[in-house]
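> Here is a sequence together with a model predicted from it:
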Amino acid sequence: MFALRTFSWLSRTLFELFVVGLVAGQNATPAAQSPDSAQSPPFVSARNSVAFDVLVDSAIRQERRLTDLMRNFKPIVETYIQEEKPDSDLGTSPKDDAYFLSRLDLTGNAPVILAFADPERSKESWEKRLFKNAQPFAAVGFAQALFPDLGHFDRHNYTFEFVGWEVLGEVRCGVVDVKPRENSESRGFVGRIWVEDKDFNIVRFTGRYTSNAFSQRAFHFDSWRLNTSGIMWMPAYIYTQESISEDPARHDLWFKAQTRIWGYDLEHAGDHREFAKPLTDAAVWVDPKRHEASQDLSPEYTLGKTTYTPEDDVVERLQVAGLMAPDGEVDHILQTVTKNLLFTNNLAIAGVRCRVLLTTPLESFVVGRTIILSRGLLDVLPDEATLAAVLAHELAHIVLHHSVGDASWSGLTLPFSDLEIFAHFNFRFDPAEEADADKKGLELFLKSPYKGQLANAGLFLEALEARSRQLPNLLHGRFSNDFGSSHLVRMQALAHFPKHLQMDRLDQISALPLGSRIRVDPWSDRIEMLKIQPVRPLSASEKMPFEVSPFFPYLKRLDGHETAQAGNPAVTESIESRFQR
């Protein structure tokens, strides 16, 4: 795992600055303090102003170092947006959505967004694009909120006012209000920052942009960073929300959006680190009088060939591009459910495994005998039985020997950009094969341990159908058939589900909000499944099926024994506890 250099001079300087703050603040009385502020020196009063200056100046220097560091990476930036409409039962509900998937390039004077091409979306006719309303959102508008003010966050452009102390997760932070000076050359950030008290990194900032120069991103946002390597805190999450009017009493929400950043360490991505690993069958390595097991290998696995199948190459290519999580505990959880389906249906199919895409759109497909589900799909599935229904559908494709053909990964023989990966990989089945998989999938499900929970999957499918027209981008498969129009469609009809979904009923949890279940380490791309406690909502508006919700990450520092690969603790709880609701 790649590790950042330790800046010894930086550590020594920060330590000296922090000691000055401690000495200056021992006998001061804060102007505003949190309940536990007596345990640490507050930065207030005339005598203590030196310590507050240390906090601000150190945060500014760390912010400058972060932007310099970010120029060495091209992380993936994903933004999913839901426009809202009033709803008499739910308060608001989605009416439309938008989606951006890009790489961020900071090597120039301004942020550059390099979009992943989606050939399916580019098939729209020019007439439709001509008469379609102009898209009010731009990917760069959300990505620029990774920083309070890229390249101009300093005392010359901004004023700083101490507010108090606050603990975010396990990290104690100084809270500071920030606003632009009148002579700040139209800089526009107005908001609040949280500065951790050890290395003085900004770990969170909220606010909005007000100047004309920032008009394309003049939205209210809440930006979070995580300690992923060394002393640096890297951008990880942004929640954005905006209303039509500035009157909070009107509840006229315009849109809400989630932006995720990951893929910092793609230099070391991949389970294998190469597409081929030749075996040794040379006679010099064996006793000619002995019969070696390696001599019984198929020519496909002898010297000059590879130990990896074409589907292994596809998985590796997706992982190197930053679109697939490394093999881990979440995959093992999915494989356990898949094994339950195989065992109870007396199916002896070797080599079936599961992997997870890191993207938000709901998606599931198979590559050979590898079942792939997206992070967004795992987020919204309400329970294990519904997960089993999705896996049964994909397992049915394997049982029925459906194959998309070697053409789907023939692009591996040619070098192509990560941004063109959706054009090179196509794992879509035709409608007849999808219908057969639905029928076979239902048969597999009804013989499984989950057969008594078929109604749970029915609620999910009803909710999916109810929201399909409002959320076309969420249900649009980049590699596979659109989830809303193909996956599990006939399973609902074949099972003769009674229509009993009521969105205002508090005891019906048909689907979860986006971001409910999977946590992604933005540095290593490793994922973990969060345990969800069954909490009954107090109102129907709290259920938010398939909807965007705010981020509230639990902040903590990496200790001296952890590396950037940490953050993926072993999953010891049962599968049921992870999918209970």
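Yep, that arrived.
> for K74, what are its contacts?
For K74, the contact set (Cβ atoms under 8 Å, 6 or more residues apart in numbering) comprises 103-105, 114, 263, 266. The way it works is simple: take the backbone N, C-alpha and C, and place the C-beta from them, glycine included.
> cool, F343 as well?
Going by Cβ under 8 Å, 6+ apart, the list of residues near F343 is empty.
> Now do the same for V286: its pLDDT.
We note a pLDDT of 40 for V286 in this prediction.
> go on, A540?
So A540 comes in at 64 (pLDDT).
> picking up where we left off before, between the contacts of K74, which is nearest N157?
Nearest to N157 among these is L104, at 22.7 Å by Cβ to Cβ.
> Leaving out the residues flanking it, which one is nearest to that closest one?
Distance criterion Cβ to Cβ, 6 or more residues apart in numbering; nearest residue to L104, sequence neighbours excluded, is V77 at 4.9 Å.
> The one you found and R103 touch, don't they?
Yes: using Cβ atoms under 8 Å, V77 is in contact with R103, at 7.1 Å.
> Those two: who's more crowded?
Neighbours were counted for V77 and for R103 using other Cβ atoms under 10 Å; V77 has more, 26 against 22.
> what helices or strands is whichever strand or helix holds that one leaning on?
Assigned by DSSP states H and E, V77 falls within strand 76-87. When contacts are defined as 3 or more Cβ pairs under 8 Å, 6 or more residues apart in numbering; DSSP states H and E, strand 76-87 packs onto strand 91-105, helix 139-143, strand 253-262.
> Name every strand pairing with it and say which way it goes.
Using DSSP bridges, strand 76-87 pairs in its sheet with strand 91-105 (antiparallel), strand 253-262 (antiparallel).
> mean confidence for that strand?
Mean per-residue pLDDT for strand 76-87: 91.
> Could you pull out the buried residues of that strand?
76-84 (16 or more other Cβ atoms under 10 Å).
> mind putting these in a markdown table, distance to L475 included?
Shown next, in a markdown table, are the buried residues of strand 76-87 (distance: Cβ to Cβ, whole Å):
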| residue | distance to L475 |
| --- | --- |
| I76 | 21 |
| V77 | 21 |
| E78 | 16 |
| T79 | 17 |
| Y80 | 12 |
| I81 | 15 |
| Q82 | 13 |
| E83 | 16 |
| E84 | 18 |
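> which stretch among the helices and strands packed on strand 76-87 comes nearest M70?
strand 91-105 (8.0 Å).
> and after that closest one, which helix or strand comes next?
Counting by DSSP H and E, what follows strand 91-105 is strand 112-115.
> Report the backbone C-alpha coordinates of stretch 87-106 in PDB.
Only the C-alpha atoms of stretch 87-106 are listed here, as PDB (Å, rounded to 0.1, in the frame of the first residue of the first chain):
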ATOM      1  CA  ASP A  87     -46.100  15.500  -1.700                       C
ATOM      2  CA  SER A  88     -49.200  15.600   0.500                       C
ATOM      3  CA  ASP A  89     -48.300  12.400   2.400                       C
ATOM      4  CA  LEU A  90     -44.500  12.500   2.400                       C
ATOM      5  CA  GLY A  91     -43.800  16.200   2.400                       C
ATOM      6  CA  THR A  92     -41.600  16.000  -0.700                       C
ATOM      7  CA  SER A  93     -40.800  13.200  -3.100                       C
ATOM      8  CA  PRO A  94     -38.500  12.900  -6.200                       C
ATOM      9  CA  LYS A  95     -39.700  14.200  -9.500                       C
ATOM     10  CA  ASP A  96     -36.500  13.800 -11.600                       C
ATOM     11  CA  ASP A  97     -32.800  12.900 -11.200                       C
ATOM     12  CA  ALA A  98     -29.400  13.500 -12.800                       C
ATOM     13  CA  TYR A  99     -26.100  11.700 -12.600                       C
ATOM     14  CA  PHE A 100     -22.400  12.600 -13.200                       C
ATOM     15  CA  LEU A 101     -19.400  10.200 -13.000                       C
ATOM     16  CA  SER A 102     -16.100  11.900 -13.700                       C
ATOM     17  CA  ARG A 103     -12.400  12.100 -12.800                       C
ATOM     18  CA  LEU A 104     -11.100  15.300 -11.100                       C
ATOM     19  CA  ASP A 105      -8.000  16.900 -12.600                       C
ATOM     20  CA  LEU A 106      -6.400  19.700 -10.500                       C
END
